[in-house]
Structures are given as structure tokens and as C-alpha cells.
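Engineer: need coordinates for the below:
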Amino acid sequence: MSSQPDTPSTDVPEDSLILAIRQILSERLFVPLDEVLPNSRLIADLQADSLDFVDLQFVLEKRFEIHFGYGEFFDATPDWVTKDGFLQPQAVERLTGLLPVLASFAAQGPVPLKVFFDHLTVDTVARIVRRQQAKMGR
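Structural biologist: Numbers count the residues shown, from 1 in each chain. The predicted structure follows:
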């Protein structure tokens, strides 16, 4: 596995949501469960690709009985990304709550979409699911 980026600490005890997401990713990406850690990066460490993200969205919706609307789950829509491949300022603001490391990149100028995907972790997916659950009153 490649080295982990500087990401927020995940020293809290693993909860059932993170374990469930780890199990889903292990199964879908054909990676042993013990290699799917809360700070594992989906692309760099687990080798997820764009089709895996589509599959993951549907699996998460079904497993956790949530729904992602247009632009709510890793969509590179014009609402999120400029024609030049940078995150829109409102996307950076929205995503910083899920991925705090974006704030340090935003302080340096426009944030490339690649930065978001390079730092996207299992823990980030758990935060996204929790956000959707809260949005749906769960």
C-alpha cells in the first residue's frame, strides 16, 4: 500500500458505519478487508476508478437507505468543477467540511479536482453517508 497523505486523525474507535463501508469497499474493489482502513485513499491506495464510484453510490444508497441527488456524490458536474478542472469555490466550501485538507489547498489558489480525489478516504465516505443520513432525518 502507498503512504498515506496528511489527513485528519482517525484515532476514534471504529464505528459500525465505517466498518460497513470498509466491508463494502473490500468486496467491491477486491481488496482484503485488513487493507481497507479508515484513512485508505480510494484511488491511490484501493485503486478505485470512475466506474467504482458509480457502483459505490448505488451500493451506499441501497445499504444505508439514503439518496444522493444531482451533484451530491462525487459528480464532476459544472456545479462542482470549472471547465479547466478546478473545484468551484462553492464546492470547496461545501467539501471542506468533509475533507478539511482542502482548506490548505484553497488558501493557495484554485483547487484542482484531482486534489479532492487524491485525498478522498474511507473516512470521507463515512462522513458523506452521515451527512446524507442527517439530511434525511436519520
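
Engineer: by mean pLDDT, flag the weakest helix or strand of the protein.
Structural biologist: Lowest by mean pLDDT, DSSP states H and E among the helices and strands of the chain is helix 89-96, with a mean of 89.

Engineer: quick one: buried residues of the helix or strand that that one is followed by?
Structural biologist: Counting by DSSP states H and E, the next helix or strand C-terminal to helix 89-96 is helix 102-106. Buried positions in helix 102-106, judged by neighbour count with 16 or more other CB atoms under 10 Å: 102, 105-106. Heads up, the C-betas are built off the backbone N, CA and C, glycines and all.

Engineer: so, low pLDDT: which residues of this protein?
Structural biologist: Regions of the chain meeting the criterion pLDDT under 70 cover residues 1-14, 75-76.

Engineer: now do the helices in it.
Structural biologist: Ranges of helices within the chain are 16-29, 50-64, 89-96, 102-106, 113-119, 122-135, based on DSSP state H.

Engineer: and the end-to-end length of stretch 88-101?
Structural biologist: 16 Å (CA to CA, to the nearest Å).

Engineer: list the buried residues for it?
Structural biologist: For stretch 88-101, by 16+ other CB under 10 Å, it's 88, 91-92, 94-96, 98-99, 101.

Engineer: for it, which outside residues touch it?
Structural biologist: Under the criterion CB atoms under 8 Å, 6 or more residues apart in numbering, residues 5-8, 79-82, 87, 102-103, 106, 111, 116, 119-120, 124, 127-128, 131 lie in contact with stretch 88-101.

Engineer: out of the helices of the chain, nearest to residue 37?
Structural biologist: helix 122-135 (6.6 Å; CB to CB).

Engineer: picking that back up, dump the helices of the chain to CSV, plus distance to residue 44.
Structural biologist: Below are those laid out as CSV (distance: least, CB to CB, whole Å):
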stretch, distance to residue 44
helix 16-29, 13
helix 50-64, 13
helix 89-96, 18
helix 102-106, 16
helix 113-119, 6
helix 122-135, 12
